[in-house]
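Undergrad: Next input, structure requested:
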Amino acid sequence: MTYEVRISGVTHTVEFERHGDGWQAKLDGQPGTADVVQIAPNIFSVLLSGQSHEIYVTPSSGGQLQLQTDGFEFTAEVADPRSWRRRRHASVEAEGRQQVAAPMPGKVVRLLVRVGDTVQPGQGLLVVEAMKMQNEIRSSKSGTVERVLVEEGQAVNAGEVLCVVG
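TA: Predicted coordinates:
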């Protein structure tokens, strides 16, 4: 699982992968091992690359976390992994034609645009229901809807192209 984490204004990429009994972690591509145990509500014991740290986590407004460890205090904001993936792919595709794909399997419950509609970045294109949650799929660029490849009520697979914005 890959996360985008902003700590004190600096953005980092953190990757976790299950490895035997523990986890392999990469911070900005640099490997290490992490063993994390929750020892009390909002208190974690972290063994990171052989060094032990006790981290106190306090949720604050706007989805941010206040972290205290080893006498230091940090503000962290963790992006939802799905939104991070969408932003990462959107930045690559924003230059040309955007093929909007389903992020997960589900069912199209509502089309918000039609062929020929002009859209702006962040504008909703359609709504996909997955695991009883409705997810609005948004455009990452401005342009014109060239194709809508699905209809309301249609089941879709993860990665299936739903519409095209040019």
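
Undergrad: how's this protein carved up into domains?
TA: 2-78, 96-165 (automatic domain parsing).

Undergrad: okay, the ones you listed in CSV with mean pLDDT next?
TA: As requested, the domains of the chain are exported to CSV (pLDDT from 0 to 100):
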stretch, mean pLDDT
domain 2-78, 77
domain 96-165, 88
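
Undergrad: now, of these, which is deepest in the fold?
TA: Mean neighbours per residue, mean count of other Cβ atoms under 10 Å, is largest over those for domain 96-165, with a mean of 16. C-beta here means a position set from N, CA and C on the backbone, and glycine is covered the same way.

Undergrad: Distance check, V14 against A34.
TA: Counting by Cβ to Cβ, to the nearest Å, the gap between V14 and A34 amounts to 10 Å.

Undergrad: so what sits against both of those two?
TA: Common neighbours of V14 and A34 are listed as A25 (criterion: Cβ atoms under 8 Å, 6 or more residues apart in numbering).

Undergrad: Contact partners for P59?
TA: P59 sits in contact with 42, 65-66, where contact means Cβ under 8 Å, 6+ apart.

Undergrad: Show me those that map onto helices.
TA: Per DSSP state H, helices hold no members of those.

Undergrad: from those residues, which single one is nearest A76?
TA: Of all the contacts of P59, L65 has the smallest distance to A76: 4.7 Å, by Cβ to Cβ.

Undergrad: Next, give phi and psi for the residue of the chain positioned farthest from its centre.
TA: Here the centre of the chain is the reference, and by Cα atoms, centre = their mean the most remote residue is G71, at 30.2 Å. With angles defined as degrees, to the nearest 10, G71 sits at phi 80, psi 0.

Undergrad: Now the terminal residues of stretch 144-156, how far apart.
TA: 23 Å (Cα to Cα, to the nearest Å).

Undergrad: Could you give the separation of it from the chain centroid?
TA: Remark: stretch 144-156 is offset 23 Å from the chain centroid, using Cα atoms, centre = their mean, to the nearest Å.

Undergrad: which outside residues touch it?
TA: Counting by Cβ under 8 Å, 6+ apart, 97, 102, 105-111, 113-119, 125-126, 128, 160-166 sit against stretch 144-156.

Undergrad: Check stretch 27-41 too.
TA: 12-14, 16, 19, 22-26, 44-49, 54.

Undergrad: ok, now with 10 Å
TA: Residues from elsewhere that reach stretch 27-41 (Cβ atoms under 10 Å, 6 or more residues apart in numbering): 5, 10-17, 19-26, 43-57.
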